[in-house]
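**Q** This is a predicted model, with the sequence first.
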Amino acid sequence: MSNPVELRNTVKIYDLGGGVKINALRGIDLTIKKGESVSIMGPSGCGKTTLLNMIGGLDHPTDGQVIVDGIDITHMSEKKLAQIRREKIGFIFQFFNLVPMLSALENVQLPMIFAGKLSDVEIKDKAVELLRLVGLEQRMYHRPTQMSGGEQQRVAIARALANEPSIILADEPTGNVDRETGWKILRLIQNLNEILEQTYVIITHDPHIAKTSEKIFYMVDGQIYEAPPRSATTPSSHVLAEERRQLMLAELRWLKTSLVSLEKRKAKLNPESYAQVKMGYAKQLERLKEMIQEDHGKRRSI
Amino acid sequence: MFKTIRFAFTMARRSIGRRKFRSALTILGVIIGIAAIVSLMTLGYGMRYQVETTLNEMLGAGIIISSIEGSIDIPEHVHEFVSQVPGVNASVPIVMTWVYLGDQPTMVVGIDPTEVAGLYHVTYEDGRGLESGGDDAILFASATANNLGIHVDDKVTISTGLGGTGFGGTFKVVGIIRSLGTEQMNIGCFITLEAAQEMLDKEDYVSAIMVRLDDPSQGEQVEAALKNMFPDAQVIRQEEIMSQIGQIMDIIDGVLIGLGSISLGVGALGIMNTIMMSVHERRREIGMLKAVGAERRHILFIFLSEAFLISFIGGVFGCIFGLFGVSIAQWFITFLKINITIPLIISPYILGIGLTAAISVGIVAGFFPSWTAANIRPVEALRYE
């Protein structure tokens, strides 16, 4: 049986133009098995969201392969990807992302309307059932603005389940609610995972949340690891001191240039403001010189 | 498909409702454009109708023989020869000229009282008709009489020059004409042929001879015969005049529609702007819709139906306000005491044009921003900045 998620040497490079390129994913190999609940952890900017975009068929990889439920979606057309997204994948976002104009019930109906496979009555019945599942049957006709953050996220979970996807992707699902609500939502996700045997991929930077999953992956600089990577080395005190010295020297040069240009403009300025500006520069210069001397003294003592 | 469209309309309706003020302004833009088009077209239509019916009544003849310069120099006895031409039922000599009544210009027709019945079917609002020998009598059309405040038994002075200069005379109002034939007679006044000739110092001359035909279909043969008889005169069939007038009215219509279209163009920019803003504000929502499975067409429908709804509402109200606009124009004309009547004729055809123009402009203006929306990438859903 095919795995729900399989990435093979997946690379994603964002071209920001002007020759600036960002390697968001540097050859990811990842297999997630059916029914597994997996957390992906990592600092911001490590490529977590890009990875989610790949698995969820929101974006094409630059290189490598993305296989969802045995279907290679690497080079799929927009239209087919949309179909994969609504049939195979359920999304839960950090900011709930409900349509503000639609009631909870209508929000849950969305993926089913887009799929266009069920009748109106079936769609509605199923949406009511899903809202009951997440405990919101009392709030069906409320708009997102009339609901708390936790309730909105539960609506989003119900929506993610609408087309009975095999994979649920959650991007910081508890990132925007208080801790207690966050745990409730996590328990709901865990229970659903057990009951419905869907595969859950949760992106988070909270280790407590990650620990609730069966498996944790760690991402750093566009690469993925099964064990927590060693923390990136902090630069030695020597490097830091050198950086600081360079900065002070640069500031000194800048002050000197400013002084020269002030002298050049002397004739045009009124004497009072000239004196004032010059005094300001002189004070800064004094302070900087003291700092450099102090720094020098320290370096000697080392 | 049906479900998709219905859903798109739900979204569009709520989106418009959510941004009430902005939507109202955009709709107002469309209303102004459509109201301008509808009112100008309706005015043009009324004007055309008025001119045509008035001409029909005033001409009341199949063929008109007039001098080429339009002056009064056809010898009166010519009409006796005309009567002999085969296919001619009757020929009536008339004098027709513009005169001033105070400072208001109006058309005066001099006609033999016994011939009136032969050309027109006249009904009177008040008073009686002209009588032979009653050379100080004058008849007024109802609209002219109303505009100028003239009643039966009043004495009026008309003159060819402004303010009583030129040829002229004083007449006693004997009747007000409600209608000539089946339609309302709106402008002008009538005096006897002799009175007109005497007033203008043109005894025994007329400005035109109206020819009534035995059979309207013989018009072209009779015209040819008359042209042959009077090579120096202008012989025109009524249909020719009407078609010339029609051409002039077409030009006026074109200008009016052009003016209306400018304001509709501005309305279109408003729609484009509104949809563009709506798309911009809802980028993430669009991304999310795509993430949960929406295809391009779903998003396209959502925004196109917003443009459709805005333009449809604007179109309906534009038509209503356009007709109000005509009423205001009519009131304004009366207020200025201008001697013109433009009837308000509600034409389903013009209202149809108004609504169609609104909707098509809305769809066209809304297409570009909607297409932009449809092409927003689903990754926008996960972009939080």
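**A** Everything's here; your move. Owing to the predicted nature of the structure, the values given are computational and were not obtained by experimental measurement.

**Q** where does residue A:233 land on pLDDT?
**A** For residue A:233, the model assigns a pLDDT of 53.

**Q** Likewise for residue B:54?
**A** Taking residue B:54 on its own, its pLDDT is 69.

**Q** can you pull out the strands in chain B?
**A** B:63-67, B:74-75, B:88-101, B:104-111, B:122-127, B:137-141, B:155-159, B:168-180, B:183-184, B:189-192, B:205-206, B:208-213, B:233-237 (DSSP state E).

**Q** The fourth one: how far from the chain's middle?
**A** In other words, strand B:104-111. The offset between the C-alpha centroid of strand B:104-111 and the centroid of the whole chain comes to 23 Å, using C-alpha atoms, centre = their mean, to the nearest Å.

**Q** Ok, the second one next?
**A** Average the C-alpha atoms of strand B:74-75, do the same for its chain, and the two points are 35 Å apart (C-alpha atoms, centre = their mean).

**Q** So in that sheet, which strands flank it, and in what orientation?
**A** For strand B:74-75, the pairing partners within the sheet under DSSP bridges are strand B:205-206 (antiparallel).

**Q** Give me the contact list for the strand it pairs with.
**A** Residues from elsewhere that reach strand B:205-206 (C-beta atoms under 8 Å, 6 or more residues apart in numbering or on different chains): B:72-76, B:79, B:93-95, B:193, B:197. Every residue, glycine included, has its C-beta placed from N, CA and C.

**Q** Would you point out which residue of the stretch 251-385 of chain B is nearest chain A?
**A** Shortest the stretch 251-385 of chain B-to-chain A distance, computed as C-beta to the nearest C-beta: residue-wise this is residue B:293, at 2.3 Å.

**Q** what about that residue, distance to residue A:58?
**A** As defined by C-beta to C-beta, to the nearest Å, residue B:293 lies at a distance of 11 Å from residue A:58.

**Q** Identify the contacts common to these two.
**A** In the contact map built from C-beta under 8 Å, 6+ apart, the residues linked to both residue B:293 and residue A:58 are residue A:85.

**Q** Have a look at these two and say which one is more surrounded.
**A** For residue B:293 versus residue A:58, neighbours defined as other C-beta atoms under 10 Å in any protein chain shown are more numerous around residue B:293 (29 against 24).

**Q** check contacts around the nearest residue to the more buried one once chain neighbours are set aside.
**A** In space, residue B:293 comes closest to residue A:86 once its chain neighbours are excluded; the distance is 2.3 Å by C-beta to C-beta, 6 or more residues apart in numbering or on different chains. Contacts for residue A:86 (C-beta under 8 Å, 6+ apart) come out as A:111, A:114-115, A:163, B:292-294.

**Q** so which strand or helix has residue A:86?
**A** Here residue A:86, judged by DSSP states H and E, is contained in helix A:78-88.

**Q** what about that helix, distance to the chain center?
**A** 22 Å.

**Q** Give me the residues contacting the helix or strand just after it.
**A** Moving toward the C-terminus from helix A:78-88, the first helix or strand encountered (DSSP H and E) is strand A:89-92. Outside strand A:89-92, the residues that touch it by C-beta under 8 Å, 6+ apart are A:55-57, A:68, A:85, A:97, A:111, A:153, A:156-157, A:159-163, A:165-171, A:173, A:189, A:198, B:288, B:291-292, B:381.

**Q** related to what we said a few turns ago, okay, the contacts of residue A:86 in JSON lines with distance to residue B:343 and pLDDT next?
**A** Putting the contacts of residue A:86 into JSON lines (distance: C-beta to C-beta, whole Å; pLDDT from 0 to 100) gives the following:
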{"residue": "A:111", "distance to residue B:343": "58", "pLDDT": "92"}
{"residue": "A:114", "distance to residue B:343": "54", "pLDDT": "90"}
{"residue": "A:115", "distance to residue B:343": "57", "pLDDT": "88"}
{"residue": "A:163", "distance to residue B:343": "62", "pLDDT": "87"}
{"residue": "B:292", "distance to residue B:343": "58", "pLDDT": "89"}
{"residue": "B:293", "distance to residue B:343": "57", "pLDDT": "88"}
{"residue": "B:294", "distance to residue B:343": "52", "pLDDT": "91"}
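
**Q** Identify the farthest-apart pair in those.
**A** Taking every pair in those and measuring C-beta to C-beta, the maximum separation is 12.5 Å, between A:163 and B:294.

**Q** quick one: which of the two has more around it?
**A** Between residue A:163 and residue B:294, counting by other C-beta under 10 Å, residue B:294 is the more crowded of the two (27 against 22).

**Q** Thought residue A:79 was touching that one, still the case?
**A** No. With contact taken as C-beta atoms under 8 Å, residue B:294 and residue A:79 are classed as non-touching, separated by 11.0 Å.

**Q** any idea what sits nearest the residue of the stretch 151-300 of chain A found nearest chain B, other than its immediate chain neighbours?
**A** Ranking the residues of the stretch 151-300 of chain A by distance to chain B (C-beta to the nearest C-beta) places residue A:171 first, at 6.0 Å. Excluding the flanking residues, the one nearest residue A:171 by C-beta to C-beta, 6+ apart is residue A:203, at 4.9 Å.

**Q** Surely the one you found forms part of a strand?
**A** Yes. Checked against DSSP: H, G, I helix; E, B strand; the rest coil, residue A:203 lies within a strand.

**Q** tell me which parts of chain A are close to chain B?
**A** Counting by C-beta under 8 Å from any C-beta of the partner chain, chain A comes close to chain B at A:49, A:52-53, A:56, A:58-59, A:78-79, A:82-83, A:85-87, A:91, A:93-95, A:97, A:99-102, A:106, A:110-111, A:113-116, A:120, A:159-160, A:163, A:171.

**Q** so of the contacts of strand A:89-92, which ones are in strands?
**A** Secondary structure of the contacts of strand A:89-92 is defined by DSSP E; positions in strands are A:68, A:167-171.

**Q** and those, which are buried?
**A** With neighbours counted using 16 or more other C-beta atoms under 10 Å in any protein chain shown, the ones in strands among the contacts of strand A:89-92 contain these buried positions: A:68, A:167-171.

**Q** Adding pLDDT as columns, could you present these in a markdown table?
**A** Formatted as a markdown table, the entries for these read as follows, by pLDDT from 0 to 100:
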| residue | pLDDT |
| --- | --- |
| A:68 | 91 |
| A:167 | 91 |
| A:168 | 91 |
| A:169 | 92 |
| A:170 | 90 |
| A:171 | 87 |
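
**Q** can you list the weak-confidence ranges in the stretch 151-300 of chain B?
**A** Within the stretch 151-300 of chain B, the set of residues satisfying pLDDT under 70 comprises B:179-187.

**Q** For the chain, give the helix that spans the most residues.
**A** You didn't say which chain, so I picked chain A. Across chain A, the helix with the greatest residue count (assigned by DSSP state H) is helix A:271-301.

**Q** actually chain B
**A** Max-length helix for chain B by DSSP H is helix B:238-281.

**Q** could you give the angle of that helix to strand B:208-213?
**A** With axes from the mean of the first three to the mean of the last three C-alpha atoms, to 10 degrees defining the directions, helix B:238-281 sits at 90 degrees from strand B:208-213.

**Q** Wondering if helix B:238-281 reaches chain A at all.
**A** No. For a cut-off given as C-beta under 8 Å from any C-beta, helix B:238-281 has no contacts with chain A; the smallest distance is 10.7 Å.

**Q** circling back: now the angle between strand A:167-171 and the helix holding residue A:86, please.
**A** With the same axes, to 10 degrees defining the directions, helix A:78-88 sits at 100 degrees from strand A:167-171.

**Q** Return the set of buried residues in helix A:78-88.
**A** The neighbour-count check on helix A:78-88 (16+ other C-beta under 10 Å) flags A:78, A:81-88 as buried.
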